[in-house]
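Chemist: Predicted coordinates and the sequence they were generated for:
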Amino acid sequence: MGTLISGRSSPGLNGPPTVNPMLFDVYAPHPTAWDELFTRTGGPHTHCAPLVDRLGRLFATEFQAKRASADMAFVNQGITFSVYSDRRGVEKIFPFDLIPRPIPAAEWYPLEAGLVQRIKALNLFLYDVYHDQHILKDGIIPADLVLESKGFRKEMIGFAPPGGVYIHICGTDLVRDAAGQFLVLEDNGRTPSGVSYVLENRAVMKKVFPHLFADIRVRRVEDYPHRLRDALASVAPVGAASPPCVVLLSPGPYNSAYFEHSFLARHMGVELVLGPDLFVHDDVVYLKTTRGPQRVDVIYRRLDDDFLDPETFRPDSVLGVPGLFRAYRAGNVTFANAVGTGVADDKAVYPYVEEMIRFYLSEEPLLKNVPTYICARPADCRYTLDHLDELVVKAVNESGGYGMLMGPSSTAAQRAEFATKIRENPRNYVSQPVVTLSTCPTWTDEGPAPRHVDLRPYIITGKSTWVLPGGLTRTALVKGSLVVNSSQGGGSKDTWVLENGR
Amino acid sequence: MISRVAEHCFWMARYLERAENTARVLEVNHTLLLDFQVPVDRQWRPLLIISGIHDYEPEPTAENVQEFMTWDRDNPFSIISSLSWARENARIIRELISAEMWERMNFYHLWMQGPDGREVYDGNRIEFYAQARRINQLLHGICDATMSHGEAWAFYQLGSHLERASQVARILDVKYHMLLSRVEDVGTPADNAHWIAILMSCSGYEPYHKTARLVPVDPGTAVAEFLIFDRLFPRSIRRCLWECESAAAAVAGNEVGRGPTEPEQKIADLIEALDRGTIQDVIRDGLHEMLTHIVESVHEIGEAIQRTFFAAEVRPPAPKPAPPPGGQTQTQTLGGMTQSQA
């Protein structure tokens, strides 16, 4: 790699060398980060060898042509998201990088076990905080941290959701540090998005590189929609129709994730509904159809708690349905996810998840968190303020990469602004040491170059728990950037969980 | 089926059909220009009038009107507007239509929005109209062959044929507005050519000639008869209304003992109005008046469909016949998306 490997020349004996390099000829890995494809000594990881070998036979120009055809496929299929700042709804494609990110089976199984363990603890935690609050009484987690969380919904106290599940769909963000260890960055237990890109990325990869899939065994992701539908049907309320009527409630076509909503509805075989399509009568939810009302049993809602029901939550919500929460409390409908799960993905509660696992399951956590300083704790707050230039500071209730300070790359003015904000409202902030995210070769204007990636596996829980093999690999497209969110200009890759032996 | 979804499906079909017919009428007028010297104003203004556009300020030259009716995004009846509304409706019900349908729809949307469509328009006008016409034909075919023929398909059919009936009436009415007002013009080569052009714009040239009729033929009567009354031709108004009739019955369901819904009733009324007379009666009483009646009736049928299927006051199920729940007013959430021609 780099200058050590000379470029194989284009066909033709006397052709000039390196004019049209092979794909990985000019790849220079990141100096310190873990590379998902290559070892420090320059060769591919053992499990990546077949992939590197096959992709490496492509000329850079061939790769470019495949890239263009992949982009066209996304545009023609309208696989786009709209950008919030633009009301006219300019549709953009989520940049997709054709070099996949492989995960060997041996690494995936412990990850999967760790995620299952984690979601189990999170669901037990949610049941506990809305009932007896043992974990608070025992002082494992400071009570005020939980009870004052924006995600804590007092309306849920004493109520057990149908099937006993709170987080039916969880998107847990993992990163890999410089030593190659996977760490949990955060759990998204409200309405995690992005799974449609996992499925579409795979579909496009199969179109563009069919032979790769013939040579290398990759675990399927296409079962996700059916798994989700079955899981949701399995926790329908008592008295539901057979099969239960499951709908996906979307905020509507102007929401940035509308493509995903319709994608999932289509693949799950359920109706996509908007708030005005539903009404509640005698605490039962009905759908307005051309032939009269139809009872609804399970709502996969892609709408935040605040907007669900103007009678209970934000009265100005026009996206929700009056009386929906009453129907929920009456046990006549299942919401996925349950109301009030935000308290479990509060960034200030996150540091305690390892403790939750020990407390509820009497097990050692299989997955570690990134060390986190909670500014609500005076010592942590002092440490954060003293080390702003080394830390990542995050607002606890933001997502999508908003409200974040990247210490090492920040200006003095930005640090001063955050210091003021932290002093004003310490509860609202946590900080973490900067993790040098692993990198993966990614196509750039200068050819393949290392770009930082994370990984969001999706965990579905109904009567049992299932983890989508792989998940969404998000990649920063700007050199050196550690921010991978799509709203911040990140892209994505196909994630390959390799089957044993190949 | 969800009322809102049914509404988007119905309008997607209508906008597609509308775009096709706009392309047809522009094409035929453009072609006519090659044969005859008709005062420009008389040749192009009628196209605006039949779309209900009365406030067009520039001089209605061939280029002005074609540009306006093809590319003007602020003109709700332009081809580009119709196609982009069709695509927006499709995007909203993306989960309902087939992947193939959506991919093609999106392809043509991008074709119109990007440089490709414009290039064809500038380089070869006839080819452009042919391609624009083909968009609906292709999408309708894909839909027919890939979508389950259930309720959504019935709404699609209803939308297509209702719009087509109205558009054919409008195309026929161009003749009235282009009026060769002097009696001595009737039956001249220009007059006859114009009737043939109208026929061709509806793809009716060959089927028309294959239909046996008494000689000598007066094209003014025979063409109008064919496009209004023919029992077999898929673009005749009567045939379109029959299609509407069965689609409306399909969407209403087949409950035993059910009386006709308001749209079914209104469609039946219009069919009956056609059945009452012959083309001679129509010409005697005024072709323009008949066509206007058809366009207005189609509008009323559209409103009845809206009332009956899309914005029906949903009554909670028995046993307690309580009033509709509070605050549930059915409003048109996507203003402008489902506008109809006045």
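Modeler: Received, thanks.
Chemist: which intervals of the stretch 251-400 of chain A have sub-threshold pLDDT?
Modeler: Applying pLDDT under 70 to the stretch 251-400 of chain A picks out residues A:398-400.
Chemist: so how far is chain B from the nearest residue to residue A:99 once chain neighbours are set aside?
Modeler: Leaving aside its sequence neighbours, residue A:99 sits nearest to residue A:441 (C-beta to C-beta, 6 or more residues apart in numbering or on different chains; 5.2 Å). Heads up, the C-betas are built off the backbone N, CA and C, glycines and all. The gap separating residue A:441 from chain B is 31 Å, by C-beta to the nearest C-beta, to the nearest Å.
Chemist: Contacts for the one helix or strand residue A:441 maps to, please.
Modeler: Using DSSP states H and E, residue A:441 maps to strand A:439-444. With C-beta atoms under 8 Å, 6 or more residues apart in numbering or on different chains as the test, strand A:439-444 has contacts from A:24, A:27, A:29-30, A:33-38, A:63-64, A:67, A:97-99, A:101, A:448-453, A:473, A:475, A:477, A:479, A:491, A:493.
Chemist: Pull the contacting residues for the closest residue in space to residue B:225 that isn't next to it in sequence.
Modeler: Spatial nearest neighbour of residue B:225, excluding adjacent residues (C-beta to C-beta, 6+ apart): residue B:279 at 3.8 Å. Going by C-beta under 8 Å, 6+ apart, residue B:279 touches B:221, B:224-225, B:228-229.
Chemist: For residue B:279, give me the backbone phi and psi.
Modeler: As for residue B:279, its main-chain torsions (degrees, to the nearest 10) stand at phi -60, psi -30.
Chemist: Give me the neighbour count for residue A:109.
Modeler: 12 (other C-beta atoms under 10 Å in any protein chain shown).
Chemist: meant to ask about residue A:250, not that
Modeler: The burial count for residue A:250: 26, using other C-beta under 10 Å.
Chemist: got it, and residue B:278?
Modeler: Residue B:278, neighbours per other C-beta under 10 Å, totals 11.
Chemist: Would you mind listing the residues in contact with it?
Modeler: Applying C-beta under 8 Å, 6+ apart, we find residue B:278 in contact with B:225, B:229.
Chemist: And it, how far from residue B:224?
Modeler: 11 Å (C-beta to C-beta, to the nearest Å).
Chemist: Residue A:31: neighbour count?
Modeler: 7.
Chemist: Tell me the secondary structure of it, please.
Modeler: Per DSSP: H, G, I helix; E, B strand; the rest coil, the secondary structure class of residue A:31 is coil.
Chemist: can you check residue A:172 too?
Modeler: Going by three-state DSSP: residue A:172 is strand.
Chemist: Show me the beta-bridge partners of it.
Modeler: Residue A:172 has the following beta-bridge partners by DSSP bridges: residue A:187.
Chemist: Please look at it and residue A:186 and confirm they touch.
Modeler: Yes. Counting by C-beta atoms under 8 Å, residue A:172 does reach residue A:186; the two are 7.5 Å apart.
Chemist: Looking at these two, which one has more neighbours?
Modeler: Set side by side, residue A:172 and residue A:186 show more neighbours around residue A:172, with 27 against 21, by other C-beta under 10 Å.
Chemist: Assign residue 280 to helix, strand or coil.
Modeler: I went with chain A, as the question did not name one. Classified using three-state DSSP, residue A:280 is strand.
Chemist: I was thinking of chain B, sorry if that wasn't clear
Modeler: helix.
Chemist: Now for it: which residues touch it?
Modeler: So residue B:280 contacts residue B:221 (C-beta under 8 Å, 6+ apart).
Chemist: what does the stretch 51-200 of chain B have sitting close to chain A?
Modeler: Residues of the stretch 51-200 of chain B lying near chain A by C-beta under 8 Å from any C-beta of the partner chain: B:88, B:91-96, B:99, B:102-103, B:106-107, B:110, B:151.
Chemist: Filter those residues down to the buried ones, ChimeraX style.
Modeler: Applying 16 or more other C-beta atoms under 10 Å in any protein chain shown to these, the buried members can be selected in ChimeraX as follows:
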select /B:88,91,92,93,94,95,96,102,106,107,110,151
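Chemist: Point out the least confident one among the residues of the stretch 51-200 of chain B next to chain A.
Modeler: Checking pLDDT across these, the minimum falls on residue B:95 at 85.
Chemist: all helices of the stretch 101-250 of chain B, in order?
Modeler: Ranges of helices in the stretch 101-250 of chain B, per DSSP state H, counting those that start in this stretch, are B:115-123, B:125-146, B:151-178, B:189-201, B:205-210, B:219-229, B:237-252.
Chemist: so how many other residues sit close to the residue lying closest to residue B:306 once chain neighbours are set aside?
Modeler: Nearest non-adjacent residue to residue B:306, counting by C-beta to C-beta, 6+ apart: residue B:7, 7.5 Å away. Residue B:7 is flanked by 25 other residues according to other C-beta under 10 Å.
Chemist: ditto for the one 4 residues further on
Modeler: Counted with other C-beta under 10 Å, the burial measure for residue B:11 works out to 28 neighbours.
Chemist: ok and the helix or strand containing it relative to helix B:151-178, angle-wise?
Modeler: Using DSSP H and E, residue B:11 sits in helix B:3-35. If you take axes from the mean of the first three to the mean of the last three C-alpha atoms, to 10 degrees, helix B:3-35 sits at 30 degrees to helix B:151-178.
Chemist: Can you list the buried residues in helix B:3-35?
Modeler: Quick answer for helix B:3-35 (16+ other C-beta under 10 Å): B:3-30, B:32.
Chemist: what's the answer for stretch A:265-274, then?
Modeler: Residues A:265-268, A:270-274 are the ones in stretch A:265-274 that count as buried (16+ other C-beta under 10 Å).
Chemist: Only C-alpha atoms, please: export stretch A:482-496 in CSV.
Modeler: Provided in CSV are the C-alpha atoms of stretch A:482-496 (Å, rounded to 0.1, in the frame of the first residue of the first chain):
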residue,chain,number,x,y,z
LEU,A,482,-15.5,11.9,13.9
VAL,A,483,-19.1,12.9,13.2
VAL,A,484,-20.9,10.4,11.2
ASN,A,485,-24.6,11.6,11.4
SER,A,486,-26.4,11.9,8.1
SER,A,487,-27.7,15.3,9.1
GLN,A,488,-24.1,16.4,9.5
GLY,A,489,-23.0,15.2,6.0
GLY,A,490,-22.2,11.6,6.8
GLY,A,491,-22.7,8.6,4.5
SER,A,492,-23.2,4.9,4.9
LYS,A,493,-21.8,1.6,3.9
ASP,A,494,-23.1,-2.0,3.6
THR,A,495,-22.2,-3.9,6.7
TRP,A,496,-21.2,-7.5,6.2
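Chemist: Give me the mean pLDDT for that stretch.
Modeler: For stretch A:482-496, mean pLDDT rounds to 82.
Chemist: about what we covered before: the buried residues of stretch A:265-274: which two are farthest apart?
Modeler: Comparing every pair within those by C-beta to C-beta identifies A:267 and A:274 as the most remote, at 19.0 Å.
Chemist: picking that back up, pLDDT and neighbour count for the contacts of residue B:279 - can I get that in a markdown table?
Modeler: Rendered in a markdown table, the data for these read as follows (pLDDT from 0 to 100; neighbours: other C-beta atoms under 10 Å in any protein chain shown):
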| residue | pLDDT | neighbour count |
| --- | --- | --- |
| B:221 | 88 | 17 |
| B:224 | 93 | 22 |
| B:225 | 94 | 20 |
| B:228 | 96 | 22 |
| B:229 | 95 | 18 |
